[in-house]
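**Q** fold the stuff below for me.
(one chain, ligands or ions: 2)
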Amino acid sequence: MKKVLIIAGFDPSGGAGVLLDTKVVRALGEFAVSTITCLTVQTTERVYDAKSIDPDFFEYQLQKVVEDIKPDSVKIGLLGSSEIAVVVLKNLKRYNLKNIVCDPVLKSTSGFEFCKSEFIEFLKYDFFKVCDVITPNKNEAEVIFDVEIKNFDEDVLSCIQERIKRMGIKSCILKGGHLDSELAEDILVTQTEIYRVSAKKKGLPDDIHGTGCAFSSAFATFIAKGYNMYDALKQTKDFMTGLINASVKIGKGRLILNP
Ligand SMILES: Nc1ncnc2c1ncn2[C@@H]1O[C@H](COP(=O)(O)OP(=O)(O)O)[C@@H](O)[C@H]1O
Ligand SMILES: Cc1ncc(COP(=O)(O)OP(=O)(O)O)c(N)n1
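**A** Ligands and ions are numbered 1, 2, ... in the order given. Model (predicted):
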C-alpha cells in the first residue's frame, strides 16, 4: 500500500482540509497520514477564523510521523502562516521527501484571507522551488504569477511558462474551476510542455466546496501509485468529475464532495 503524507488545515465541517484529503486518499485505495498546520472555524457557508498550530509542536508532529512512516508522496494544502511554512520547507529538505504536490491555498472562496503578503513572497521565491508541482486556481495563479487571467489562452500560458522558469518552479497545474466557461479545464504547465484536460462544468463556478483540496490529494495519490504527471492528471480529472457529479448538500451552504 502506498502512503500519502497530508500537510494541511482542519475544517470541522469535513468539506475541505485534512478530513477531505484523507477520504480522497482512502477512496483511491491508498493510506493517508496527516499533520495539521492550523485549525479553522468553518462551515459549508464560510470560513470564520483560522489559528495556526504552535510551530514547534507542529514540527514535533511532522518529524515523528515521517521518521516512522516514509511517504510515497506529499500533499501540502493550507499552511496558514510563514512560521509553519518555514518548518515544512526545512523538513521537506531534511527528510529528502519526494513527489511534493502543493496546493497554494491563499484565500477561501468565501473571501477569508489565509495569509499575509510576506508569506506569499516566501512561497513564491523559496517554498515552491522544492515542490514538484503547484496547483493554483485562477485567483491564486494571478497572485503568484502577477498576471490577469480571463481565460487560459496561449498568451497567458506562455507568460506563465516563462515565469515558472524564471522563478525556478518545476511545474504547475492551473485549475479552471473559477473561470467563466462551459468547460472545467485544467492545464499542466512544465518548463517545456503544456498539457490540457477538460470536463463539462457542473452548476455555477463556486457552487462546490473543497474541489481544490480533493484535486491535489487525488493527484498526489496517483503520483504515489507511480503514474507520470500527465497520466496522473488524466486520472485525477476523471476522479474529480465523478466526485463533483455526486456532490451533496449536507449543510446550509455550498455542496460538498463525499469520496
Ligand atoms: N463546477 C465545476 N464543474 C466541474 N469541475 C469543476 C467545477 N469546479 C471546479 N472543478 C474542477 O475541480 C478542480 C478544482 O478546481 P478549482 O475549483 O478551480 O480549485 P479551488 O477549489 O482550489 O478553487 C479542477 O479539476 C476543476 O476543473
Ligand atoms: C482547512 C481548509 N483548507 C483549504 C481550504 C480551501 O479549500 P479549496 O478546496 O481550495 O477551496 P474552496 O472550498 O475555498 O473553494 C479551506 N477552505 N479550508
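**Q** run a quick neighbour tally on residue 12.
**A** Residue 12: 12 surrounding residues under other CB atoms under 10 Å. All C-beta spots, glycine's among them, are computed from the backbone N, C-alpha and C.
**Q** check residue 125 too.
**A** Quick note: residue 125 (other CB under 10 Å) scores 11 neighbours.
**Q** for the closest residue to it other than its chain neighbours, what are its contacts?
**A** In space, and not counting its chain neighbours, residue 125 is closest to residue 167: 7.0 Å by CB to CB, 6 or more residues apart in numbering. Shown in contact with residue 167 (CB atoms under 8 Å, 6 or more residues apart in numbering): 124-125, 128-129.
**Q** rebuild the residues you listed as TSV, extending it with secondary structure.
**A** Putting those into TSV (DSSP: H, G, I helix; E, B strand; the rest coil) gives the following:
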residue	secondary structure
124	helix
125	helix
128	helix
129	helix
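**Q** quick check: closest non-adjacent residue to residue 178.
**A** Here the residue nearest residue 178, using CB to CB, 6+ apart, is residue 138, at 4.3 Å.
**Q** quick one: buried residues of stretch 234-248?
**A** 235-237, 239-241, 243-244, 247 (16 or more other CB atoms under 10 Å).
**Q** I misspoke; the intended subject was stretch 84-103.
**A** 84-89, 91-92, 95, 97, 99-103.
**Q** that stretch: end-to-end distance?
**A** 15 Å (CA to CA, to the nearest Å).
**Q** quick check: mean pLDDT of it?
**A** Across stretch 84-103, pLDDT averages out at 98.
**Q** distance from that stretch to the middle of the chain?
**A** 14 Å (CA atoms, centre = their mean, to the nearest Å).
**Q** same thing with stretch 208-217?
**A** 7 Å.
**Q** report whether that stretch contacts ligand 2.
**A** Yes. Counting by CB under 6 Å from any ligand atom, ligand 2 has neighbours in stretch 208-217: 209-213.
**Q** same list (those) but as TSV, adding pLDDT.
**A** Listed next are those as TSV, based on pLDDT from 0 to 100:
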residue	pLDDT
209	94
210	96
211	97
212	97
213	98
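**Q** take those and keep only those in helices.
**A** 211-213 (DSSP state H).
**Q** can you give me the end-to-end span of stretch 88-106?
**A** Termini of stretch 88-106 sit 16 Å apart (CA to CA).
**Q** how about it against ligand 2, any contact?
**A** Yes. Legend: contact between stretch 88-106 and ligand 2 by CB under 6 Å from any ligand atom is shown at residue 105.
**Q** what parts of this protein come near ligand 2?
**A** 8-11, 16-17, 40, 42, 47, 77-78, 105, 108-109, 209-213.
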